[in-house]
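Asks: sequence and computational prediction follow.
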Number of protein chains: 2
Amino acid sequence: MARTQGKPTPVEKKLVGLADLVIRAAERGKDPSIEIPVRSLSNVKFNQRSRIIEMGSNTQARTFFNVGMAKKFMQTMLVGDALAELQRADLTTSLREIYYRAKHTIADSNENTLDGQNESDPLIEDLEVALEALREELHVRAENAGTVIGPLTVIDDGDTVDCAKLGKGGYSVPSIVEPEYVQIKKCTADFVLLVEKGTQWNRLAEDKFWKKYNCVLLTGNGQPPRGVRRLARRLNDEKKLPVYVLVDNDPWGYYIYSVVKQGSINLAFESQRMAIPDAKFIGLSSRDPERYGLPRNVGIKLNDKDIGRAKELLNYPWFQKKEWQKEIQHMLQVGLKFELDALANKDFQYLTKRYLPRKLQEKDWLD
Amino acid sequence: MARTQGKPTPVEKKLVGLADLVIRAAERGKDPSIEIPVRSLSNVKFNQRSRIIEMGSNTQARTFFNVGMAKKFMQTMLVGDALAELQRADLTTSLREIYYRAKHTIADSNENTLDGQNESDPLIEDLEVALEALREELHVRAENAGTVIGPLTVIDDGDTVDCAKLGKGGYSVPSIVEPEYVQIKKCTADFVLLVEKGTQWNRLAEDKFWKKYNCVLLTGNGQPPRGVRRLARRLNDEKKLPVYVLVDNDPWGYYIYSVVKQGSINLAFESQRMAIPDAKFIGLSSRDPERYGLPRNVGIKLNDKDIGRAKELLNYPWFQKKEWQKEIQHMLQVGLKFELDALANKDFQYLTKRYLPRKLQEKDWLD
């Protein structure tokens, strides 16, 4: 399925450029060296204007004639080679398979090129930032753990998939939804509802919530995988749809929301194309148990880890708005966290019939 | 979406029967009591003829006027009541939501009806066996973590879903695929390939393996969830399709295969409608690394847990065939386990283009 038979892709050119660099250095008798942007907290900042987490401009040279770097340099080239193979053959694969592909025993030795995936994963991230190519553009996929349903039509591998006609099961969101693989043909929804857990997604799918409220229902079954985030981002970008995030009321839920909204510290480089700075937090808010009359006994006592995590969140630059400080403080004061599942205490369809309709009507969300 | 408006479903009748039993006992001044089949190893056996794990006929009475059982009896009734509500409203839900639904503080006390989901889950299993109703028939769902692609057309909630026209993403397999929810309209495949991990499923989907080899590609992203097992079973039953299971070569892979084939000890009651006694193990076999020239350095050393687990498997009645003893012994002798991902060491498409085609051609599988 190569886009333009025979012609190298832009990413392939970049990868080949790496190899050229080594050859040119060798010809001139110089030490081959590549500049790799620094992927540590020190080189990450929250951009208040664009409201995303961004990488700074610090780089580090990785050179071959350096005892401490020679092996890593060689490994970087091997991983780059495997990635170039993916481009040439127009294949996608997983981080784990790249590790296996690049692993062999070095001739006349007992030394392996790579001893574990923990060696190749960071190199792939290095190449992402050095070459300014999203992981998806490098053709590296994660699991496709997400599902979508609603008035959205995509073209996937030549097939026109109408996500409004897939019963209650839905379309399994591929790990890579870049425009070269998945095209958004049509979307008549008014908004995207990104639901943390599959249980609630199932409830909403079963109740045809998406039909009544004209929305796209997305879930990633936990922390949304890259494909799900990227699809939400594209719907936000290309179709100008607001994105509402529905998570458990616990520090982990806040964190999931914050990653969807401004990206993560670990993968700051990708925020520019993954983050959704105007995503809204629709719930569960720590105020909701009172507002919606949830009994205390369906709350779960915060443990020490929760409390520590919540206090950390209070310090993040992107949680400095007054409303957010109140939201998190309130959870700490009450000392309880609440799962979305707890809404079932009122009624199995409470989420669909009461909670979300009222939330949407009152525009009761946090930014 | 009630099938016959107003009329109670057979399962609802059974649940109401439980309540009637209590009322009748009360009217006669007797101790209400229900008979619950024993769900422990002592009451489970492997049926050599049908080749599935089955429950025996031991039961235990759960009575109300018994200090040790009164609370559990009350909880059983509460859970039964929540399940009846699902039937009446024709809703499905999760184990967790049933826990929340049935939880409340008992009037004039600080006592909760249920303190944790670990109290309600076993009661649901009790009711499954006592009422002879599959969990799906009780309308209790798990996550839908599975995906399917291939020449299979199902009807889900009135929508006709052609799984050959969903690109590389596929149809997200619902947790409940009972005929009342999902109908198999058409399937022209020659076999079902049930793949343990999403990575390999993605490889096969991307390479359109299912088209060339005319099969249904199923994955559950790990231990297949109930919906995936049940769909494979229905394709085996209703369409007489052979089912081949493709797993990592490790004790966990053997275990996954064995659960697909003869059911699990924990849920022996369900084997009759979940197990696929003629499912075949297509790989990875412990012989494959030699046969297919995989280097030793992509194997992973068995740890103590692996070795202990493999030795346990050797004693299971369903692994007593000579070929299986050889298979497991060989893994122990070599001292290595191999992931399917390791096939990428040869070539990213080795699985699609060499490994599986040769396996199928040589009919190289274990029964």
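Replies: Looks like it came in fine. Numbering: from 1, shown residues only, chains lettered A, B, ... in the order given.

Asks: list the buried residues in the longest helix along chain A.
Replies: Ordering each helix of chain A by length in residues (DSSP state H) puts helix A:70-89 first. Neighbour-count burial for helix A:70-89 flags A:72-73, A:75-80, A:82-87 (criterion: 16 or more other Cβ atoms under 10 Å in any protein chain shown). Just so you know, the C-beta spots here come from the backbone N, C-alpha and C atoms, and that holds for glycine as well.

Asks: check the offset of it from the chain's centre.
Replies: 24 Å (Cα atoms, centre = their mean, to the nearest Å).

Asks: quick one, what contacts the closest residue to residue A:50 other than its chain neighbours?
Replies: Leaving aside its chain neighbours, residue A:50 sits nearest to residue A:277 (6.6 Å; criterion: Cβ to Cβ, 6 or more residues apart in numbering or on different chains). Contacts for residue A:277 (Cβ atoms under 8 Å, 6 or more residues apart in numbering or on different chains) come out as A:50-52, A:261-262.

Asks: max pairwise distance over these: which two?
Replies: Spatially, the most separated pair among the contacts of residue A:277 is A:50 and A:261, at 11.8 Å (Cβ to Cβ).

Asks: neighbour count for those two, which is higher?
Replies: The residue with more neighbours, out of residue A:50 and residue A:261, is residue A:261; 22 against 13, by other Cβ atoms under 10 Å in any protein chain shown.

Asks: was I right about the more buried one contacting residue A:276?
Replies: Yes - the pair residue A:261 / residue A:276 is scored as a contact, 6.0 Å apart, by Cβ atoms under 8 Å.

Asks: check the stretch 1-150 of chain A for the residue nearest chain B and tell me.
Replies: Nearest residue of the stretch 1-150 of chain A to chain B: residue A:97, at 3.7 Å (Cβ to the nearest Cβ).

Asks: pretty sure that residue sits against residue B:340.
Replies: No - if you go by Cβ under 8 Å, residue A:97 and residue B:340 don't touch, sitting 9.3 Å apart.

Asks: who has more neighbours, these two?
Replies: Legend: neighbour count by other Cβ under 10 Å for residue A:97 and residue B:340, higher for residue A:97 (28 against 25).

Asks: center of chain A, which residue is that?
Replies: Computing the C-alpha centroid of chain A and ranking residues by Cα atoms, centre = their mean puts residue A:226 first, at 3.5 Å.

Asks: ok, so what distance separates residue A:111 from residue B:73?
Replies: For residue A:111, the distance to residue B:73 equals 66 Å [Cβ to Cβ, to the nearest Å].

Asks: kindly report the same for residue A:347.
Replies: Taking Cβ to Cβ, one finds residue A:347 at 25 Å from residue B:73.

Asks: same check on residue A:201?
Replies: Counting by Cβ to Cβ, the separation of residue A:201 from residue B:73 is 35 Å.

Asks: for residue A:352, same thing?
Replies: In terms of Cβ to Cβ, residue A:352 sits 33 Å off from residue B:73.

Asks: ok, residue A:302 next?
Replies: On the measure of Cβ to Cβ, residue A:302 and residue B:73 end up 33 Å apart.

Asks: next one: residue A:180
Replies: For residue A:180, the distance to residue B:73 - Cβ to Cβ - is 61 Å.

Asks: so how many other residues sit close to the residue in the stretch 251-367 of chain A positioned nearest to chain B?
Replies: Nearest residue of the stretch 251-367 of chain A to chain B, counting by Cβ to the nearest Cβ: residue A:344, 3.7 Å away. Residue A:344 has 27 neighbouring residues, counting by other Cβ under 10 Å.

Asks: name the element the nearest residue to it once chain neighbours are set aside belongs to?
Replies: Closest residue in space to residue A:344, ignoring its immediate chain neighbours: residue B:97 at 3.7 Å, by Cβ to Cβ, 6+ apart. According to DSSP states H and E, residue B:97 maps onto helix B:95-102.

Asks: where's residue A:19, which helix or strand?
Replies: Going by DSSP H and E, residue A:19 is in helix A:10-27.

Asks: related to what we said a few turns ago, among the contacts of residue A:277, which ones are in helices?
Replies: Among those, DSSP H puts A:261-262 in helices.

Asks: quick check: residues of the stretch 251-367 of chain A near chain B?
Replies: Selection of the stretch 251-367 of chain A residues close to chain B by Cβ under 8 Å from any Cβ of the partner chain yields A:295, A:297-298, A:339, A:341-345, A:348-349.

Asks: what subset of those is buried?
Replies: A:297-298, A:339, A:341-345, A:348-349.

Asks: of all pairs in those residues, which one is the farthest apart?
Replies: A:297 and A:349 (21.1 Å).

Asks: residue contacts, the nearest residue to residue A:292 once chain neighbours are set aside?
Replies: Distances taken as Cβ to Cβ, 6+ apart place residue A:355 nearest to residue A:292, at 6.2 Å, with adjacent residues excluded. With contact set as Cβ under 8 Å, 6+ apart, residue A:355 has these partners: A:283, A:288, A:292, A:343.

Asks: turn these into JSON lines, including pLDDT and distance to residue A:309.
Replies: What follows is the contacts of residue A:355, written out as JSON lines (pLDDT from 0 to 100; distance: Cβ to Cβ, whole Å):
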{"residue": "A:283", "pLDDT": "94", "distance to residue A:309": "19"}
{"residue": "A:288", "pLDDT": "98", "distance to residue A:309": "19"}
{"residue": "A:292", "pLDDT": "97", "distance to residue A:309": "24"}
{"residue": "A:343", "pLDDT": "95", "distance to residue A:309": "23"}
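
Asks: helices - which of those land there?
Replies: Judged by DSSP H, those include residue A:288 as members of helices.

Asks: most neighbours, which of the contacts of residue A:355?
Replies: Counting neighbours by other Cβ under 10 Å, the top entry in the contacts of residue A:355 is residue A:343, with 29 neighbours.

Asks: surely that residue and residue A:353 touch.
Replies: No - applying Cβ under 8 Å as the test, residue A:343 and residue A:353 come out as separate, 10.4 Å apart.

Asks: can you tell me the SS state at residue A:61?
Replies: On the three-state scheme (DSSP: H, G, I helix; E, B strand; the rest coil), residue A:61 is labelled strand.

Asks: residues in contact with it?
Replies: For residue A:61, the contacting residues are A:33-36, by Cβ under 8 Å, 6+ apart.

Asks: skipping its backbone neighbours, what lies nearest residue A:85 in space?
Replies: Nearest non-adjacent residue to residue A:85 (Cβ to Cβ, 6+ apart): residue B:348, at 6.9 Å.

Asks: which residues touch that neighbour?
Replies: Residue B:348 touches A:85-86, A:89, A:91, A:93, A:97, A:101, B:203, counting by Cβ under 8 Å, 6+ apart.

Asks: how near is it to residue B:199?
Replies: Distance from residue B:348 to residue B:199, counting by Cβ to Cβ: 11 Å.

Asks: tell me, what's touching those two both at once?
Replies: By Cβ under 8 Å, 6+ apart, the residues touching both residue B:348 and residue B:199 are A:93, A:97.
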